[in-house]
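Trainee: test case, fold it:
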Amino acid sequence: MVVRVFNDAWLAQVREAILDPELAICDPHHHLWWRPESKYLLDDLLNDTGSGHHITSTVFVECNSMYRAASIESLAPVGETEFVQGIAAMSASGGFGHTRVAKGIVSFADLTLGQGVRETLKAHQQAGSARFRGIRHAAGWHESEDIRNSHTDPPQGLMLRDDFREGMSVLDEMGLTFDAWFYHHQLAEFADLARTFPNVTMILDHFAGPLGIGPYKGHHDQVFNDWKQEVGALANCENVYFKLGGINMKLNGFEWHKRDKPPSSDELVDATAPYYDYCLDLFGVDRCMFESNFPVDKESCSYAVLWNAFKKMTTGKSAAERQALFHDTAHRAYRLDE
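Mentor: Have a look, this model is predicted:
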C-alpha cells in the first residue's frame, strides 16, 4: 500500500490570492479514506475546499477504503459506499458549510464477474441511495517494475477481456456510469471499449495517465506526442468525457514533490497546459471537466493553487464555457441534478 504524507507546512510556502472566487465549482474527483498510515476525511476535505474557491458540490471516487470485513468478496466494496454515504449525509445536513460533499458516489465493482456483478451494483444502489452514480474499475498496468499497477491489481489487457465486457453490459443495462483509469499506452484498449458500448457514459480520469517515470522518465515530449495520437481516436466517441486534472501525481514525472517549494499556479500552467489545451480543442467544454484528484495531487500542490491554475488556463473562455468546465459538464455527466 502506498503511504501518502501531506506536508501542510511545505504547501503553505506558496500562497496566492484566489482568482474569480464567486465562480461555482463542482469538483468531480476526490477521495476519502481512513487508514493506519494516513487519513483524509470530511474535515480534511473541507479544509481544502474552504481555501477560497467556491466549491458547491463534489463527486467521490473509489479508493479501496472501508471495505466490509465480514462479507463475501464481491460485496466487500459496498462498505466504501456505506462509509461515504454517511459522510455525504453529514454534509447535506448543512452543518458543515455550503459544499455538498459526495453529491455523487463512484464505487468499485469487479466487472470481471460478468453477469454476477449485478448483485454488487444493486447493493451499491441500496447503500448509496440517490447518490450512487456508477463505478470505476481501474485498469492501469505496465510491465515495468518501476511503474506501480492500479490498486485493483489488474491483469494485462483487462479492458479487452470477455468477462470484463460482460460486466460492462450489465452496467449498460442499469444505466450507470463508468470511470476509466489506466495509463497512456492503454488508450487503444479503452477506445475499443468505448466504441463497443456507445450507450455507457464513460468518464476518463486524469488524462489517461501520461507516464513520466520508469522507461518514460525524461521523455515528456515523446510521451505527449504518443498520447495526442491515441487520444485523437476518442474524438468521435460521444459517450466519453474527459476529466482534466490528476496530472500532478508522482507517476506523471514532473517531480514537484522533490522541490524545496511547491509550484505556483503559473508553474503548473507552464508545465501542463498543452494537455489541457489539446483536450479542450478536441472535445470542447461540453465533454471536459476540471478535477482536483485530492488528496493524491496534494503531494504536489495546494488546492487553492491548483484551481487558480485551472482558472488561468480558461481566461480566454466565455462565461458560459467556464460554467460548463467548472460545474455544468460534471453535473450532466454524473446526473447530479436528478
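Trainee: tally of neighbours for the closest residue to residue 337 other than its chain neighbours?
Mentor: Nearest non-adjacent residue to residue 337, counting by CB to CB, 6 or more residues apart in numbering: residue 331, 5.5 Å away. All C-beta atoms are positioned from the backbone trio N, CA, C, and that covers glycine. Residue 331 has 20 neighbouring residues, counting by other CB atoms under 10 Å.
Trainee: for residue 331, give its distance to residue 44.
Mentor: According to CB to CB, to the nearest Å, residue 331 and residue 44 sit 24 Å apart.
Trainee: and for residue 65?
Mentor: Counting by CB to CB, the gap from residue 65 to residue 44 is 13 Å.
Trainee: may I ask you to name the longest helix in this protein?
Mentor: Criterion DSSP state H: the longest helix present in the chain is helix 265-283.
Trainee: for it, enumerate the helices and strands it packs against.
Mentor: helix 220-231, strand 240-244, helix 303-313 (3 or more CB pairs under 8 Å, 6 or more residues apart in numbering; DSSP states H and E).
Trainee: of those, give the one that comes closest to residue 213.
Mentor: Of all the helices and strands packed on helix 265-283, it is helix 220-231 that lies closest to residue 213, at 10.5 Å by CB to CB.
Trainee: quick one: pLDDT of the most far-flung residue of the chain relative to its centre?
Mentor: Distance from the C-alpha centroid of the chain peaks at residue 70, with 28.5 Å (CA atoms, centre = their mean). If you check residue 70, the pLDDT there is 79.
Trainee: ranges for the helices of the stretch 101-250 of the chain?
Mentor: 117-128, 162-174, 187-196, 220-231 (DSSP state H, counting those that start in this stretch).
Trainee: just the buried residues of the last one, please?
Mentor: The neighbour-count criterion (16 or more other CB atoms under 10 Å) identifies 220, 223, 224, 226, 227, 228, 230, 231 as the buried residues of helix 220-231.
Trainee: and if you look at the shortest one?
Mentor: Neighbour counts using 16+ other CB under 10 Å place 187, 189, 190, 191, 193, 194 of helix 187-196 among the buried residues.
Trainee: so who does the nearest residue to the fifth one once chain neighbours are set aside touch?
Mentor: Distances taken as CB to CB, 6+ apart put residue 159 closest to residue 193, at 4.8 Å, once the chain neighbours are dropped. With contacts defined as CB atoms under 8 Å, 6 or more residues apart in numbering, the neighbours of residue 159 are 139, 180, 182, 186, 189, 190, 192, 193.
Trainee: 6 Å - rerun?
Mentor: Going by CB atoms under 6 Å, 6 or more residues apart in numbering, residue 159 touches 139, 189, 190, 193.
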